[in-house]
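Below is the sequence, then the predicted model.
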Number of protein chains: 2
Amino acid sequence: MAISGLMPKVTLREVAEHAGVHPATVSRALNPETQGMLNSETLARVLAAARELNYQTNTIARSLRTQRSLTVGVLIPDIMNPLFPSIVRGIEDTLDRADYTSLIAYTDGRVDRVDARLSRLRQRGVDGLIVATAQLRDPTLEELLAEGVAVVQINRRSTSKAIPSVTADAAGGMLAAIRHLAELGHERIAYAGAPLRVSTGRARLDAFRRGMRAAGLEVVAERIEQTQSVSVGEGARAGRELLARAPDLTAIVTANDLIALGCYDAVAEAGRSCPDDVSVIGFNDMPFTDRFDPPLTSVHFDQYEMGASAAAMLLRRLSGESSGAPRVELETTLVVRASTAAPPKQR
Amino acid sequence: MAISGLMPKVTLREVAEHAGVHPATVSRALNPETQGMLNSETLARVLAAARELNYQTNTIARSLRTQRSLTVGVLIPDIMNPLFPSIVRGIEDTLDRADYTSLIAYTDGRVDRVDARLSRLRQRGVDGLIVATAQLRDPTLEELLAEGVAVVQINRRSTSKAIPSVTADAAGGMLAAIRHLAELGHERIAYAGAPLRVSTGRARLDAFRRGMRAAGLEVVAERIEQTQSVSVGEGARAGRELLARAPDLTAIVTANDLIALGCYDAVAEAGRSCPDDVSVIGFNDMPFTDRFDPPLTSVHFDQYEMGASAAAMLLRRLSGESSGAPRVELETTLVVRASTAAPPKQR
DNA sequence: CTGAAAGCGCTTACAG
DNA sequence: CTGAAAGCGCTTACAG
């Protein structure tokens, strides 16, 4: 195929001249919706001319005229966070099939950057939004909703039930994690959580508490510590705190793999070993967890599917096919690796 | 800040009416380049009106008129390849500061997808391209070059010296890797390489050979194996091959961390251990290599900087500031971790 | 079934 | 210094 310059250079008018018809006729010939209006002979002639000249629709001109950019804004904390590449790929593959393109914007977890990012996306004329940065109470999202903007939340969600979302089933994952530990013989299970201002932090803490009770185990305040941000460093801090406050704990369940990695550090610093002295469980099952030392037992969900499903949901809204606010919860499963074992006293 | 709808709704004309001037005057007032033409009183009045109505330029309309989209196409194999998130982030942060946006497209390493991807980017009117998918012989890139398209190669480069590029210094990295092994006492060092149709594969193989000679070590054909693709699976295959053909090898240098991970598997399968029996060295130093089992000794370069530098280079071309074809080589350093140790016989 | 016209929201040479 | 006009490349009611 020939790449004939980056800006499209052949215009509708040139194709029209070549085929001896009016530009409007070319436009109709190239649009599957309006193709039927044309005499089949005319259609064939126009199509031949378009092919010959290697005509490509100028998306910018079309967008200005139709007031639709075929573009979707994707707001995420940071693509360098290992959770997001798969999600983004799932989104983009799905959008791509519908001839949509995504414009990605980063907040780096800073709430004060959201509006500026959104504003730039708006300038670019995005038709809808996929937002992975929802706060539990999120006035910005409420506002978008009120204005009828097509928006889908992903991974996290705000309290508003009116905004569609795709999240991971925290309850199922946590329950599986705790059951696994209980079956190994653990009783003094600690929890290192993610910030409570976002739904993942809140949901996983709730799920931990419920899961413990369901397993007939005691939820003790000293064995729960929240992080201020989702990072290895904060995970290590939380791990240290827990080990200092409750030295007899035998397992730490976490809200995130990075926090789990921090707990690895805290356990090692305390002169203990994972999994022999302390079992650790992550959440998200990020890439290469199976390569960690030790391989991390983690709650898994399909990240690519999360992205794909959110994009499909948004496309449905954009095409007017759906108007409800579905809240999809993706199945979570526990992937057992080598960071969990029977507690020391059992040996 | 108020988000007033996703598509920009306040137009230049409305601001003009509000300020009692002609739309052209508003346009001039909002453009720093033409602001100076205006009476300062008029300017102030227009700016006040624009602020009051929360006017945002409609990028699509502006692009159609100016024939510049302020958009750059980024062609990469796959964002799920751990090399790319940092590179992409470096690109986007740099573009962002110049009010450019990136449109990302994926090839999944398939040469036959390049033209279709490029074609879609063209439809979207991108002003330039950053390409991470260069083949050693790359007719598509030659064609783009011939048409005067602004394009920068990243990570890989084609043989054409006329296309600017930002790559990692393979020679320096390889030399450091081999020196490190030689100092530990290794002599029978093997190499598991990346496909030779891309520059990274070619450059790293050449660098390995030169490095070996520079260290006074023998380059033996049985101790060199190429992979068909850069993946853990192919790395394992290459590793097995090497261990079968040259069982007395004591170290494997690789062209990529994923290949190194595959070599971990091959070494384990052979009932040997890393680093006690076989040392392994990666290339790229992807995220979390320090968490692997064992932590991977790898050739490091600044991936974010690679992206940032390529984007800056492209912006310079787009603004007409530069017209040469710089070939930047980023410094590489060896990060020594626990996958390398003295060879067994030395113990 | 096809054409002619209008217009999406900007910018910029051209007047005055 | 500011306005009036043209036009970027499309699509789509409106005629015929």
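Structure received.

C-alpha only now, for contacts and for neighbours.
Noted.

Show me where the stretch 151-300 of chain A has its helices.
If DSSP state H, counting those that start in this stretch is used as the criterion, the helices of the stretch 151-300 of chain A fall at A:170-184, A:199-214, A:232-245, A:257-269.

closest to DNA strand D out of these?
Closest to DNA strand D of these, according to CA to the nearest atom of the strand: helix A:199-214, at 39.6 Å.

pLDDT averaged over the closest one - what is it?
Helix A:199-214 carries an average pLDDT of 97.

cool, stretch A:114-127 as well?
Confidence over stretch A:114-127, taken as the mean pLDDT, stands at 94.

swap in stretch A:135-150?
Stretch A:135-150 shows a mean pLDDT of 90.

CA atoms only: put it into CSV for me.
C-alpha atoms of stretch A:135-150 as CSV (Å, rounded to 0.1, in the frame of the first residue of the first chain):
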residue,chain,number,x,y,z
GLN,A,135,-13.1,9.3,44.1
LEU,A,136,-15.7,7.9,46.4
ARG,A,137,-17.4,11.3,46.5
ASP,A,138,-16.7,12.8,43.1
PRO,A,139,-18.4,16.1,42.3
THR,A,140,-16.7,16.3,38.9
LEU,A,141,-18.3,13.0,37.8
GLU,A,142,-21.7,14.1,39.2
GLU,A,143,-21.4,17.2,37.1
LEU,A,144,-20.5,15.3,34.0
LEU,A,145,-23.4,13.1,34.6
ALA,A,146,-25.8,16.0,35.1
GLU,A,147,-24.8,17.4,31.7
GLY,A,148,-25.5,14.2,30.0
VAL,A,149,-21.9,13.4,29.1
ALA,A,150,-21.4,9.7,28.2
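
buried set for that stretch?
Using 16 or more other CA atoms under 10 Å in any protein chain shown as the test for burial, stretch A:135-150 gives A:135, A:136, A:138, A:140, A:141, A:142, A:144, A:145, A:149, A:150.

surely residue A:94 meets residue A:312?
Yes - assessed by CA atoms under 8 Å, residue A:94 is found in contact with residue A:312 at 6.6 Å.

Compare the two (neighbour count), which wins?
A direct count of neighbours by other CA atoms under 10 Å in any protein chain shown for residue A:94 and residue A:312 places residue A:94 higher, at 21 against 18.

Nearest residue to that one in space, please, no chain neighbours.
Counting by CA to CA, 6 or more residues apart in numbering or on different chains, residue A:94 lies nearest to residue A:308, which is 5.6 Å off, once chain neighbours are set aside.

and the stretch 51-200 of chain A, which residues reach chain B?
Within the stretch 51-200 of chain A, the residues that sit near chain B (CA under 8 Å from any CA of the partner chain) are A:56-61, A:63-64, A:79-80, A:85-86, A:89, A:101-103, A:115, A:118-119, A:121-128, A:140, A:143-144, A:147-149.

Need phi/psi at residue A:326.
Residue A:326 has phi and psi values of phi -60, psi 140 when expressed as degrees, to the nearest 10.

Any residue of stretch A:96-113 touching DNA strand D?
No - no part of stretch A:96-113 sits close enough to DNA strand D to count as contact by CA under 7 Å from any atom of the strand; the gap is at least 13.0 Å.

how about that stretch: buried residues?
Neighbour-count burial for stretch A:96-113, with 16+ other CA under 10 Å as criterion, is recorded at A:100, A:101, A:102, A:103, A:104, A:105, A:106, A:107, A:109.

Three-state assignment for residue A:105, please.
strand (DSSP: H, G, I helix; E, B strand; the rest coil).

Need the per-residue pLDDT for it.
Here, the pLDDT recorded for residue A:105 equals 97.

cool, and residue A:8?
Model confidence at residue A:8, expressed as pLDDT, equals 58.

mind checking how far the helix or strand bottoming out on mean pLDDT in chain A is from the chain centre?
For chain A, using mean pLDDT, DSSP states H and E, the weakest element among its helices and strands is helix A:139-146, scoring a mean of 90. Helix A:139-146 has its average C-alpha position 19 Å from the chain's average C-alpha position, going by CA atoms, centre = their mean, to the nearest Å.

repeat for stretch A:74-89
With CA atoms, centre = their mean as the basis, the distance from the averaged C-alpha position of stretch A:74-89 to the chain average is 7 Å.

So what would you say the end-to-end distance of that stretch is?
End-to-end distance for stretch A:74-89, by CA to CA, to the nearest Å: 11 Å.

Can you name the residues in contact with it?
Outside of stretch A:74-89, the residues within contact range by CA atoms under 8 Å, 6 or more residues apart in numbering or on different chains are A:102-110, A:117, A:129-133, A:284, A:286-287, A:303-308, B:79-80, B:85-86, B:89.

Go again with 7 Å.
Applying CA atoms under 7 Å, 6 or more residues apart in numbering or on different chains, the external contacts of stretch A:74-89 come out as A:102-109, A:129-133, A:286, A:303-304, A:306-307, B:79-80, B:85-86, B:89.

now stretch A:45-56
So stretch A:45-56 is contacted by A:8, A:10, A:11, A:15, A:18, A:19, A:26, A:29, B:123 (CA under 7 Å, 6+ apart).

hmm, that stretch touching DNA strand C?
No - no part of stretch A:45-56 sits near DNA strand C under the criterion CA under 7 Å from any atom of the strand; the closest distance found is 9.5 Å.

Mind listing what's buried along that stretch?
Taking 16+ other CA under 10 Å as the basis for neighbour counts, the residues of stretch A:45-56 that come out buried are A:45, A:46, A:47, A:49, A:50, A:54, A:55, A:56.

same check, this time on stretch A:203-223
By neighbour count with 16+ other CA under 10 Å, stretch A:203-223 contains the buried residues A:203-205, A:207-212, A:215, A:217, A:219, A:223.

Taking these together, which two end up most distant?
Spatial extent of the buried residues of stretch A:203-223 (CA to CA) is set by the pair A:203 and A:217 at 18.9 Å.

Can you tell me the SS state at residue A:32?
Following three-state DSSP, the label given to residue A:32 is coil.

What is the neighbour count of it?
Using other CA under 10 Å, residue A:32 has 10 neighbouring residues.
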